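Participant: need a 3D model of the sequence below.
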Amino acid sequence: MEEGNLVYGALVQLGVTLRETGNTYEPPTIMVLRKQKRATGLQQIGPPRNSRSFHTKKQTGTHSISWKQYDSDSSDEESYTLEYDNDPATDNFQFGRRNSNDFVIPQQFKFTSRFSFRIVCEREPPHRCYIFAAVSQI
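Facilitator: Okay, the predicted model is just below:
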């Protein structure tokens, strides 16, 4: 099977979209996950590092996420950074309401984040796929 013809799977978005003008039905959206011509996955580079130990220069081409963690017992706040590099063994599919995602979820769903979840698929058999999502408290 050719690179772009392999299908990992498909997702179907069902439901009624609520608009300011009233309730309207929109047909289901089918999102097909196909093997990409080039691997689009990311892999973690080492463990998370706190800001005190993170003095090395970021590698070219890497991606990183940073967050702050609050310790309620000591009232201390620590900053952490986690770096990622390209993973030639996986394809990454990003979902959310932001237009830069691979699959855009309509803005009508107010509680959908800009980067809601992602699906990572193995490029080689058995082509397992994993869903990653974060939950936030409202």
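Participant: in the chain, where is pLDDT below threshold?
Facilitator: Applying pLDDT under 70 to the chain picks out residues 1-4, 15-27, 51-62, 107-111, 135-138.
Participant: beta partners for the residue most central in space within the chain?
Facilitator: In the chain, the residue lying closest to the centroid (C-alpha atoms, centre = their mean) is Arg118, at 3.3 Å. Beta-bridge partners of Arg118, counted by DSSP bridges, are Gln94, Phe132.
Participant: try Leu11
Facilitator: Beta bridges link Leu11 to Met31, judged by DSSP bridges.
Participant: residues contacting it?
Facilitator: The contact partners of Leu11, taken as C-beta atoms under 8 Å, 6 or more residues apart in numbering, are 30-31, 33, 103. C-betas here are computed from N, CA, C, even on glycine.
Participant: give me the buried positions along the longest strand along the chain.
Facilitator: As assigned by DSSP state E, the longest strand anywhere in the chain is strand 76-87. Across strand 76-87, burial judged by 16 or more other C-beta atoms under 10 Å covers 80, 82-83, 87.
Participant: quick revisit: how much space between the residue nearest to the centre of the chain and Thr40?
Facilitator: In this view, Arg118 and Thr40 are 10 Å apart by C-beta to C-beta, to the nearest Å.
Participant: what's the answer for Ala10, then?
Facilitator: From Ala10 over to Thr40 the distance is 18 Å, taken as C-beta to C-beta.
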